[in-house]
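A.B. asks: Provided below are the primary sequence and the corresponding predicted coordinates.
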Amino acid sequence: MTIATINHTLADMTRWTGRAEPFETDRARYWYQLAQPYEQQCIGLIGFACDQGVRRNQGRVGARAAPPLIRQAFATLPVIAELQQRFEGQLPTLLGDAGDIHCHDNDDFAASILEQAQIKYADKVSHIIQQGGLPIGLGGGHAIAYGSFLGLWQTLSKADDVTVDKAPIIGIINFDAHLDIRQSDVATSGTPFRQIAEHLAEHNQPFNYCCIGVSRFSNTAALFDRAEQLGVHIISDEDCHHQTWDMLAKQIETFIRHVDVLYMTIDMDCLPSSVVPGVSAPAAYGIGLIFVERAVKLIMASGKVKVADIAEINPTFDVDNRSCKVAARLLATISEQHLLAK
Ligand SMILES: N=CN[C@@H](CCC(=O)O)C(=O)O
Ligand SMILES: [Mn+2]
Ligand SMILES: [Mn+2]
């Protein structure tokens, strides 16, 4: 039997590598050339190398290996000209790597190892927000979501001007085939948004949850019942294909207008398994990458996103690194939009 432990490892900067461009101007620049060990950069990457929640949820494990592979794929993407111009002379202040929280799990669910990992990860998230940065979490299973939320919650609770009746309204936008509001005796990758709903209810705060890409073939009627009880705003996978962009954008904008701050999470199984094969629970239908990227830009443009994460990549089932590359593209999109909006 393995011993259940959690630990934090600092950024491994030897992983930030990519193409050398000795014959080009210095505008041939890649993200690997920007990354620094996290201090107080505008963006702080923090890995959640944990798939205990997937295991507890009877899923196929492997997501714990994803954070360094998503980083590696991101490292090789070019930095767009607009960003280089805008931040000339300040490029080392843009991207920090805060390392990974590891959850070395076993089958002893009572060991609370997942819960401890979520708390440790939440502390890092909170620290980055308090330093003025945007934390971007790299899962790991979708149990990362409860940690990301807790990190945001901790920060908001510490703010000087916050009282119960004046607390900022939190909105959560999740791109996911699954609602992840399961009832269970332990936390899993299928329970985070139900846990968040309960946490908010305990503190007399509203639960504003918009789930985009929900599949009627990936959620039971019991889950749809709970979604209705909790007032979840559902935009189904079929809606995403059949409705116009203007109609979808309006729904998302209306949701955003009613909240003060946002937590945005992308469960990579929202995309079709032909596009992202390396996930814990693949989706047959899925929503388009073109739509997801456009929606992510719209959400980031609100300026309300205080924490974001990318979850559920499972490298064991990836093909030709395809899934990590899609995750890296979304990570670059979030990063670009955040920085350009500054
Ligand atoms: N993170 C969520 N996972 C899905 C898993 C479904 C499955 O294994 O088929 C869920 O709980 O609904
Ligand atoms: Mn999912
Ligand atoms: Mn999920």
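C.D. replies: That came through fine. Quick caveat, the model's predicted, so the values are computed rather than measured. Ligands and ions are numbered 1, 2, ... in the order given.
A.B. asks: CA only for contacts and neighbour counts going forward, please
C.D. replies: Noted.
A.B. asks: surely residue 84 meets residue 91?
C.D. replies: Yes - between residue 84 and residue 91 there is a contact at 7.4 Å, judged by CA atoms under 8 Å.
A.B. asks: could you look up the next helix or strand downstream of the longest strand seen in the chain?
C.D. replies: When the chain is parsed with DSSP state E, its longest strand is strand 95-104. Downstream of strand 95-104, the first helix or strand assigned by DSSP states H and E is helix 113-130.
A.B. asks: and the angle from that next one to strand 95-104?
C.D. replies: With axes from the mean of the first three to the mean of the last three CA atoms, to 10 degrees applied, the angle from helix 113-130 to strand 95-104 works out at 170 degrees.
A.B. asks: for residue 260, grab the count of nearby residues.
C.D. replies: Summarising burial for residue 260: neighbours were counted as other CA atoms under 10 Å, giving 14.
A.B. asks: relative to residue 150, how far out is it?
C.D. replies: Separation of residue 260 from residue 150 (CA to CA, to the nearest Å): 16 Å.
A.B. asks: ok, the residue in the stretch 1-150 of the chain positioned nearest to ligand 1 - contacts?
C.D. replies: Among the residues of the stretch 1-150 of the chain, residue 59 lies closest to ligand 1, at 4.8 Å counting by CA to the nearest ligand atom. Listed by CA atoms under 8 Å, 6 or more residues apart in numbering, the contact partners of residue 59 are 280-281.
A.B. asks: which helix or strand contains it?
C.D. replies: Using DSSP H and E, residue 59 sits within no helix or strand.
A.B. asks: give me the phi and psi for it.
C.D. replies: Per-residue torsions, residue 59: phi -100, psi -180 (degrees, to the nearest 10).
A.B. asks: kindly report the same for residue 44.
C.D. replies: phi -120, psi 120.
A.B. asks: pretty sure it is touching residue 96, no?
C.D. replies: Yes - Residue 44 lies in contact with residue 96 (CA under 8 Å); the separation is 4.7 Å.
A.B. asks: ok so, going back, tell me what the longest strand of the chain is packed against?
C.D. replies: Judged by 3 or more CA pairs under 8 Å, 6 or more residues apart in numbering; DSSP states H and E, strand 95-104 is in contact with strand 5-9, strand 36-37, strand 43-49, helix 113-130.
A.B. asks: could I get the ones you listed as a markdown table with mean pLDDT and distance to residue 181?
C.D. replies: Below are these laid out as a markdown table (pLDDT from 0 to 100; distance: least, CA to CA, whole Å):
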| stretch | mean pLDDT | distance to residue 181 |
| --- | --- | --- |
| strand 5-9 | 92 | 25 |
| strand 36-37 | 98 | 35 |
| strand 43-49 | 98 | 20 |
| helix 113-130 | 96 | 17 |
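A.B. asks: tell me which of these sits most buried.
C.D. replies: Mean neighbour count (mean count of other CA atoms under 10 Å) peaks for strand 43-49 among the helices and strands packed on strand 95-104, with a mean of 30.
A.B. asks: partners of that one, with directions?
C.D. replies: strand 95-104 (parallel), strand 134-139 (parallel) (DSSP bridges).
A.B. asks: if we can go back for a sec, I'd like the helices and strands packed on strand 95-104 as a markdown table, with distance to ligand 2 appended.
C.D. replies: Shown next, in a markdown table, are the helices and strands packed on strand 95-104 (distance: least, CA to the ion, whole Å):
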| stretch | distance to ligand 2 |
| --- | --- |
| strand 5-9 | 24 |
| strand 36-37 | 31 |
| strand 43-49 | 16 |
| helix 113-130 | 18 |
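A.B. asks: which one of those lies nearest to residue 299?
C.D. replies: Nearest to residue 299 among the helices and strands packed on strand 95-104 is strand 43-49 (16.8 Å), distances taken as CA to CA.
A.B. asks: in the stretch 201-342 of the chain, which spans are strands?
C.D. replies: 208-214, 233-236, 261-267, 305-311 (DSSP state E, counting those that start in this stretch).
A.B. asks: those: which one's closest to ligand 1?
C.D. replies: strand 261-267 (7.9 Å).
A.B. asks: so is the closest one next to ligand 1?
C.D. replies: No - using CA under 6 Å from any ligand atom, strand 261-267 stays clear of ligand 1, coming no nearer than 7.9 Å.
A.B. asks: same for that strand, what does it pack against?
C.D. replies: Checking 3+ CA pairs under 8 Å, 6+ apart, strand 261-267 ends up next to helix 144-158, strand 170-175, strand 305-311.
A.B. asks: quick one: contacts for residue 266?
C.D. replies: 174-176, 309-311.
A.B. asks: and these, which is closest to ligand 2?
C.D. replies: residue 176 (4.8 Å; CA to the ion).
A.B. asks: ok, that closest one touching residue 269?
C.D. replies: Yes - at 6.2 Å, residue 176 counts as touching residue 269 under the criterion of CA under 8 Å.
A.B. asks: surely residue 256 meets residue 171?
C.D. replies: Yes - the criterion here is CA under 8 Å, and residue 256 meets it with residue 171 at 7.1 Å.
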